[in-house]
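Q: This is a predicted model, with the sequence first.
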Amino acid sequence: MTKKDITAELIYIWKEEYEAGASFRKIGEKHGVSKATVGKHLTGVVTFREKAPHKKYADEWYELYLSGWSKSAIAKKYNVSAVSVGKILRTEKGVEMQGRKKELMHLLPTFKSLYEEGYDLTYISDKTGVSRQAILNYLNDAGVEIRSYSESSRKYEVDEEFFEEIDSAYKAYILGLVFSSGNLLEHYKSYSLSMVVKKDRVSILEEIFQVLTNKKTEELLYVSADNCYKDRICSLKLYNSLKKLGLNFRSDMTFPALEEKYLEHFLKGYLKGSSSFASKRGYLTINSEPLFYESLVNSISSIIDIDKKYLRKHKYSTASITVYQKESVEKIKNFINS
């Protein structure tokens with residue numbers, strides 16, 4: 001076919017065929033031209049499809065795969081072929097779907113026991129010298145229920161046993177910081193401690209993360225649209241420890257039952273993270289929650305020696321506390337900074 005044979009009418013036919021799903025190669029074979037010729041004449045006439053249209057799903061499919069989904073199940077959900085799913089997982093994420101070697105089968109009991117005890121893939125990898133992906137492949141083949149992608153693929157260390165027992169003033173203080181800014185989330189087998197602080201209070205988040213993880217301060221997630229830091233620590237063991245102590249979703253959290261000698265330190269951490277001072281008007285506000293409120297008022301009154309009549313419910317909140325009396329405000333500020 002010569003250039004003269006490629007008429008506007010023919011290009012229109014190619015356009016219709018391409019928009020119906022045919023590739024440049026298929027169109028070229030049908031009309032006796034190269035795929036390059038087809039592409040050249042359709043430039044500016046049609047909107048070209050992505051060469052790998054399913055590539056955009058790579059992260060989603062990988063997360064589902066890590067959560068225990070088979071490639072067939074993923075394919076059905078997205079109305080694509082299992083071959084397409086396997087190809088994307090292999091080329092974009094390095095997942096070998098078939099032909100796995102079984103030379104590490106003797107380590108499977110170790111993988112399973114550590115994983116089912118709540119340890120993440122990074123920890124197991126460090127202990128066994130096997131890659132996280134290989135460990136996950138063995139666990140999937142063994143039918144082990146896989147936790148969420150976020151927890152399974154965690155790339156930083158977590159002190160998962162820090163809150164197993166509150167046996168020091170420092171632990172009680174950190175617990176107070178956590179209660180002031182955190183809540184527990186459970187979502188599709190993902191168990192995490194989620195925390196939110198305003199940008200000017202990032203030091204609260206830094207203290208918590210420095211104690212519980214080895215995540216760097218500059219890696220904390222900042223959301224500019226909300227002018228705050230929002231980050232989380234994924235750990236089933238940490239989640240369970242904090243839930244036993246009373247932390248939950250914010251509206252459901254309750255005051256922890258600690259030894260009396262540690263209550264002062266818990267309160268100091270909590271007030272540091274939850275109180276704010278309005279310098280122009282001279283009053284102080286303490287954020288609280290309905291099931292937490294009464295115990296918090298009692299603790300502030302007894303530990304800092306403030307008459308309860310000065311600890312008023314905030315008029316725009318069902319649980320927050322407002323302190324107007326100057327002496328009481330100073331007592332609380334001095335207590336936090338002591």
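A: Thanks, I have the structure now.
Q: Export the helix or strand harbouring residue 13 to CSV, keeping only CA atoms.
A: Using DSSP states H and E, residue 13 sits in helix 8-19. Taking Å, rounded to 0.1, in the frame of the first residue of the first chain, the C-alpha atoms of helix 8-19 are listed here in CSV:
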residue,chain,number,x,y,z
ALA,A,8,-9.0,10.1,5.0
GLU,A,9,-11.7,7.4,4.7
LEU,A,10,-9.2,4.7,5.5
ILE,A,11,-7.8,6.6,8.5
TYR,A,12,-11.4,6.9,9.7
ILE,A,13,-11.8,3.1,9.4
TRP,A,14,-8.6,2.7,11.4
LYS,A,15,-9.9,5.1,14.0
GLU,A,16,-13.1,3.1,14.5
GLU,A,17,-11.2,-0.2,14.7
TYR,A,18,-8.7,1.2,17.2
GLU,A,19,-11.5,2.7,19.4
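Q: Against which helices or strands is that helix packed?
A: Applying 3 or more CB pairs under 8 Å, 6 or more residues apart in numbering; DSSP states H and E, one finds that helix 8-19 contacts helix 24-31, helix 35-42. Using the backbone N, CA and C atoms, a C-beta is placed for each residue, glycine as well.
Q: buried ones in the helix or strand following the last one?
A: What that stands for is helix 35-42. Going down the chain from helix 35-42, the next helix or strand is helix 58-66, by DSSP H and E. Neighbour counts over helix 58-66 (16 or more other CB atoms under 10 Å) mark 61, 62, 63, 64, 65, 66 as buried.
Q: Show me what helix 58-66 is packed against.
A: By 3+ CB pairs under 8 Å, 6+ apart, helix 58-66 packs against helix 71-78, helix 82-93, helix 149-152.
Q: what distance separates the helix or strand hosting residue 133 from the middle of the whole chain?
A: Here residue 133, judged by DSSP H and E, is contained in helix 132-141. Per CA atoms, centre = their mean, to the nearest Å, the displacement of helix 132-141 from the mean C-alpha position of its chain is 21 Å.
Q: tell me the mean pLDDT for that helix?
A: For helix 132-141, mean pLDDT is 81.
Q: Kindly report the same for stretch 239-254.
A: For stretch 239-254, the mean pLDDT works out to 92.
Q: Start and end of it, how far apart?
A: Start-to-end span of stretch 239-254 (CA to CA, to the nearest Å) is 15 Å.
Q: Which positions within that stretch qualify as buried?
A: For stretch 239-254, by 16+ other CB under 10 Å, it's 239, 240, 241, 242, 243, 245, 246, 247, 248, 250, 253.
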